[in-house]
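Asker: here are the coordinates; sequence isn't available:
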């Protein structure tokens, strides 16, 4: 529009705004880093710290992201958060220590001890020996002395660290009784960032001592994990929605129930590995691994995940039952120890091969969708069969072929 003089020194000029480009949408500051939970690698707009906690979780010692978000939102009204995931992983030979309580009839892992952040393997290398000479003394009535010793060194660059309260080889009084002042978790704590001791409690069974009728009959031992490994800090498919996308109707989707409620029910990893090798030679398939969080079950799981077929394996141990059930239902076949997964699978209509090591045969035959495999050399099976090392992978494979064909 033309300029118009209103009075000396005063002018008006009309501007047509109908063709002005719209402003850029506000995204606020952008922050990228690890959070407790939430969508990974997806920029997400946050308008309040309550929204952040709901989507990404609250404060954590592992990341400054929550602190930055909260501070920024005091003055700004929107921030864009992108979550990153760790991918490196680690292995620690002779680094994980299991405290085992044992009587004449019961044996129980009560605690798992893991190196704290200020500990390094021999030669300041992560994947080298740590506690290969650790031991327990005076191990009676649930109490004991533990010596955490070995080739480990300390990382003096860890903020606040100078020396441990009890260093390499020092004796520490401990107990598996949670009400004792020397209860092992009270002493070592649950934080990997502890600066007081070279280990912290990664797993505990607070009620372990109540399983024994007489603590005077209990002895405590220390077992080392010669090759504790956690080589992938996150799983590529950790929700029912994502894992369900792995169900491909062009492939054979196989559930492997590798967990079990007791040590005599758990078929060794080598049996499942041999079976997987046979199956993969004939079928294009994927394996969904069902197990619990018990330390022994996790050992079996990690042995399986360390084989050449690990790219076709999808662990289910971080999922809820609600997330697992649709996956089981969409599998072509299940192969399970006599455990809850075998009963769930057959109940959902999936044909299930049940590996019967030491439970009555009735437990694996009450449904027409159940196909039991018993140990070599047995005509039947019961609670005292002890046949977990005599389940033949070839027999399982032959039964699988009959079902799928």
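Answerer: Good, I have the coordinates. Given the structure is predicted, the values throughout are model-derived calculations rather than measurements.
Asker: number of nearby residues for the nearest residue to residue 282 once chain neighbours are set aside?
Answerer: Excluding the flanking residues, the one nearest residue 282 by Cβ to Cβ, 6 or more residues apart in numbering is residue 401, at 7.7 Å. (Glycine included, C-beta is placed from N, CA and C.) Residue 401: 13 surrounding residues under other Cβ atoms under 10 Å.
Asker: what helix or strand is residue 401 on?
Answerer: Assessed by DSSP states H and E, residue 401 sits inside helix 393-404.
Asker: Quick one: the helices in this protein, in order.
Answerer: Along the chain, counting by DSSP state H, helices occupy 49-56, 65-73, 184-188, 240-244, 269-282, 295-305, 321-329, 340-347, 393-404.
Asker: ok, of those, where does mean pLDDT dip lowest?
Answerer: Within the helices of the chain, confidence is poorest for helix 240-244, with a mean of 45 (mean pLDDT).
Asker: check contacts around residue 98.
Answerer: Shown in contact with residue 98 (Cβ atoms under 8 Å, 6 or more residues apart in numbering): 109, 111-113, 222-225, 295.
Asker: okay, the residues you listed in JSON lines with distance to residue 340 next?
Answerer: What follows is those, written out as JSON lines (distance: Cβ to Cβ, whole Å):
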{"residue": "109", "distance to residue 340": "20"}
{"residue": "111", "distance to residue 340": "25"}
{"residue": "112", "distance to residue 340": "23"}
{"residue": "113", "distance to residue 340": "29"}
{"residue": "222", "distance to residue 340": "31"}
{"residue": "223", "distance to residue 340": "27"}
{"residue": "224", "distance to residue 340": "30"}
{"residue": "225", "distance to residue 340": "26"}
{"residue": "295", "distance to residue 340": "18"}
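Asker: Output these in a markdown table, with neighbour count and distance to residue 93 appended to each entry.
Answerer: Formatted as a markdown table, the contacts of residue 98 follow (neighbours: other Cβ atoms under 10 Å; distance: Cβ to Cβ, whole Å):
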| residue | neighbour count | distance to residue 93 |
| --- | --- | --- |
| 109 | 17 | 19 |
| 111 | 24 | 20 |
| 112 | 21 | 16 |
| 113 | 25 | 15 |
| 222 | 19 | 16 |
| 223 | 14 | 14 |
| 224 | 19 | 9 |
| 225 | 19 | 8 |
| 295 | 16 | 17 |
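Asker: ok, residue 152 - contacts?
Answerer: 115, 119-122, 129-131, 168, 198.
Asker: actually residue 308, not the one I wrote
Answerer: If a contact means Cβ under 8 Å, 6+ apart, then residue 308 has no contacts.
Asker: before we move on, what about residue 200?
Answerer: Under the criterion of Cβ under 8 Å, 6+ apart, the neighbours of residue 200 are 113-114, 116, 188-192, 194.
Asker: what does residue 383 give?
Answerer: 358-360.
Asker: domain ranges for this protein?
Answerer: According to automatic domain parsing, the chain comprises the domains 29-84, 90-230, 240-404.
Asker: want to throw those domains into CSV with distance to residue 12?
Answerer: Formatted as CSV, these follow (distance: least, Cβ to Cβ, whole Å):
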stretch, distance to residue 12
domain 29-84, 35
domain 90-230, 65
domain 240-404, 60
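Asker: Now residue 57: closest residue in space that isn't a chain neighbour?
Answerer: With sequence-adjacent residues excluded and distances taken as Cβ to Cβ, 6+ apart, residue 57 is closest to residue 36, at 2.8 Å.
Asker: before we move on, what about residue 29?
Answerer: Residue 29's closest residue in space is residue 79 (Cβ to Cβ, 6+ apart), at 5.0 Å.
Asker: Bridging across strands, which residues link to the one you found?
Answerer: Taking DSSP bridges as the rule, residue 79 bridges to residue 29, residue 46.
Asker: who's in contact with it?
Answerer: Here residue 79 is in contact with 28-31, 45-46, 69, 72-73 (Cβ under 8 Å, 6+ apart).
Asker: what does residue 34 give?
Answerer: Residue 34 touches 62-63, 65, 83-86, counting by Cβ under 8 Å, 6+ apart.
Asker: Quick check: it vs residue 376, distance?
Answerer: Per Cβ to Cβ, to the nearest Å, residue 34 is found 49 Å from residue 376.
Asker: what about the nearest residue to residue 166 once chain neighbours are set aside, how many residues close to it?
Answerer: Counting by Cβ to Cβ, 6+ apart, residue 172 is the residue found nearest to residue 166 once chain neighbours are left out, at 5.1 Å. Neighbour count for residue 172, taken as other Cβ under 10 Å: 17.
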